[in-house]
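Chemist: here is a sequence together with a model predicted from it:
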Amino acid sequence: MFSRNRSNSRRCRLGAALLFLLLTAGAEAGVLAPSFAGTGFDGRPVNWEALRGRVILLAFSYSNCQVTCPIIMGRFLDVDETLKSPQDLLYVQISVDPEGDTQANIRKYFKIYAIDPEQEKRWLFLYASRSVLEPVWKAYGITIEKMVWPVGYEIVFTPKVVAIDRGGMIRKEWDGFDFSEEEAVSTLKKLLEEKPR
């Protein structure tokens with residue numbers, strides 16, 4: 001009897017551990033990308049479902065970012081140049097700084113990279129309130145820590161990059177610092193050739 005109880009207890013702990021891993025792993029390849037409704041740089045609402053039918057390269061970012069975001073953004077620009085700016089490919093960034101990512105700051109952010117989002121509508125930077133963003137961060141497995149300095153602040157966050165197909169399915173994920181331009185180009189070419197499901 002004691003042995004059976006101990007075995008059941010082990011199974012319960014194992015089941016709880018597996019459930020915890022599933023809940024904290026974030027979105028994975030082969031599943032529908034978590035839905036999101038945010039606001040674009042121009043103050044207009046953007047519904048995630050409205051982006052269906054196009055391929056998306058998604059990252060998380062903030063407009064005052066000095067370290068992680070320039071690396072990822074530079075690679076996005078290189079990928080776009082290599083692919084010759086296909087109209088069916090969207091570059092979407094989701095805010096990790098709801099207090100700092102204002103319309104004015106997002107416009108400045110795009111200006112740094114010589115992108116005019118009015119003309120280049122394939123480049124989106126979506127922001128929302130913290131209460132709206134927190135479930136999105138959790139769904140994608142993004143952890144965030146704000147470090148406040150005597151002058152300014154830095155946000156340390158999971159630098160994930162996600163490729164999403166026309167049907168809204170996650171097809172590939174990279175750690176932002178291991179984000180290979182060659183692999184991204186190959187993945188996106190394949191997704192662009194596929195017809196919507």
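Modeler: Here it is on my side, so go on.
Chemist: quick one, what contacts I115?
Modeler: The contact partners of I115, by Cβ atoms under 8 Å, 6 or more residues apart in numbering, come to W123. From N, CA and C alone the C-beta is placed, and that goes for glycine too.
Chemist: where's the residue positioned nearest the centre of the chain relative to I71, distance?
Modeler: Centroid check for the chain by Cα atoms, centre = their mean gives A59 as the closest residue, at 3.3 Å. Distance, A59 to I71, by Cβ to Cβ, to the nearest Å: 10 Å.
Chemist: what touches both of the two?
Modeler: P159, G176.
Chemist: need the strands for this structure, in chain order.
Modeler: Here the chain has its strands, by DSSP state E, at 37-39, 45-47, 55-61, 89-95, 123-126, 144-148, 153-157, 160-164, 170-175.
Chemist: buried deepest among those, which one?
Modeler: Ranked by mean neighbour count under mean count of other Cβ atoms under 10 Å, these are led by strand 55-61, which reaches a mean of 24.
Chemist: including distance to I106 and mean pLDDT, could the strands of the chain go into CSV?
Modeler: Supplementary listing: these in CSV, determined by distance: least, Cβ to Cβ, whole Å; pLDDT from 0 to 100:
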stretch, distance to I106, mean pLDDT
strand 37-39, 10, 92
strand 45-47, 12, 92
strand 55-61, 10, 97
strand 89-95, 8, 97
strand 123-126, 5, 96
strand 144-148, 18, 95
strand 153-157, 15, 94
strand 160-164, 19, 96
strand 170-175, 24, 94
